[in-house]
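# what shape does this take:
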Amino acid sequence: VLEAFRMGSGQQLAVFGAGAVGLAAIMAAKLVGAATLIAVDLDAKRLELARELGATDTFLAQEPELTKKIRQRTGGGVDFALECVGSPQVLRQAFDVTRPLGTCGLLGLPGRGAAEVSLPMTSLLAGRKLVGILEGDADPKTFLPKLVALHAAGRFPLEKLIRTHDFEAINDAVHQMETRTAIKPVLRMQG
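I've put the predicted structure just below:
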């Protein structure tokens with residue numbers, strides 16, 4: 001949102017997947033003054049948190065005619081969409097809600113095996129862009145200090161995504177990650 005998209009005030013974003021990456025994208029878009037922030041996920045509790053972090057609209061992923069509803073809500077599509085799940089079907093949804101001349105970013109890592117997506121050539125000819133984003137397309141030396149400063153100023157509440165565990169509880173942390181009961185389990189190592 002901040003580096004790869006260089007999103008600005010008044011623009012629209014749709015985030016598919018309200019995990020740690022998707023929720024961080026919502027926080028970043030709120031930070032820059034996005035007009036419309038849409039979160040899509042399978043879990044209603046994660047969508048509640050997305051609203052708390054700045055999402056203006058939320059949709060359950062299994063909602064019928066999802067892409068049509070998002071395009072209607074945004075007046076024809078969003079400026080930016082993010083796929084944070086690693087699913088060809090979800091990437092297609094994210095691409096389909098991107099307006100002409102907008103950008104759809106791929107962040108989700110697909111599971112094992114070949115994952116392919118089919119896109120309409122006319123949508124590409126309308127100027128829609130699809131970009132792969134690696135580590136936010138940011139330089140960690142300059143970007144991480146910015147994030148730390150934003151967090152310290154109370155403008156980027158990462159603690160809302162994190163659940164800490166002592167290292168001895170690593171199995172619990174992994175279980176919470178696998179069952180989606182924790183967004184970002186973090187292990188504390190004491191030495």
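
# top strand in this structure by residue count?
strand 98-106 (DSSP state E).

# counting by contacts, list what that one packs against.
On a contact count with 3 or more C-beta pairs under 8 Å, 6 or more residues apart in numbering; DSSP states H and E, strand 98-106 meets strand 78-83, helix 88-96, strand 129-132. (C-beta placed from N, C-alpha, C; glycine too.)

# so which of those is the most packed in?
Highest mean neighbour count of the helices and strands packed on strand 98-106: strand 78-83, a mean of 27 (counted as mean count of other C-beta atoms under 10 Å).

# quick revisit: and the helices and strands packed on strand 98-106 as JSON lines, adding distance to A39?
Below are the helices and strands packed on strand 98-106 laid out as JSON lines (distance: least, C-beta to C-beta, whole Å):
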{"stretch": "strand 78-83", "distance to A39": "10"}
{"stretch": "helix 88-96", "distance to A39": "12"}
{"stretch": "strand 129-132", "distance to A39": "20"}
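
# mind checking the SS state of the closest residue to T56 other than its chain neighbours?
Leaving aside its sequence neighbours, T56 sits nearest to L37 (C-beta to C-beta, 6 or more residues apart in numbering; 5.0 Å). Put simply, L37 is strand when judged by DSSP: H, G, I helix; E, B strand; the rest coil.

# state the pLDDT value of L37.
For L37, the pLDDT comes out at 97.

# bridging residues for it?
L13 (DSSP bridges).

# what separates it from G113, distance-wise?
33 Å (C-beta to C-beta, to the nearest Å).

# higher neighbour count, these two?
L37 (26 against 5; other C-beta atoms under 10 Å).

# who touches that one in this structure?
Q12, L13, V15, I26, A29, K30, G54, A55, T56, D57 (C-beta atoms under 8 Å, 6 or more residues apart in numbering).

# among those residues, which lie within helices?
Secondary structure from DSSP state H places I26, A29, K30 of the contacts of L37 in helices.

# which one of those sits closest to D166?
Nearest to D166, judged by C-beta to C-beta, of the ones in helices among the contacts of L37 is I26 at 29.3 Å.

# what distance do you get for that closest one to E48?
The spacing between I26 and E48, counted by C-beta to C-beta, is 12 Å.

# output the ones in helices among the contacts of L37 as a markdown table; include the columns neighbour count, pLDDT and distance to G132.
Shown next, in a markdown table, are the ones in helices among the contacts of L37 (neighbours: other C-beta atoms under 10 Å; pLDDT from 0 to 100; distance: C-beta to C-beta, whole Å):
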| residue | neighbour count | pLDDT | distance to G132 |
| --- | --- | --- | --- |
| I26 | 26 | 97 | 20 |
| A29 | 28 | 96 | 19 |
| K30 | 18 | 96 | 24 |
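
# where does the chain have low pLDDT?
Residue ranges of the chain with pLDDT under 70: 114, 191.
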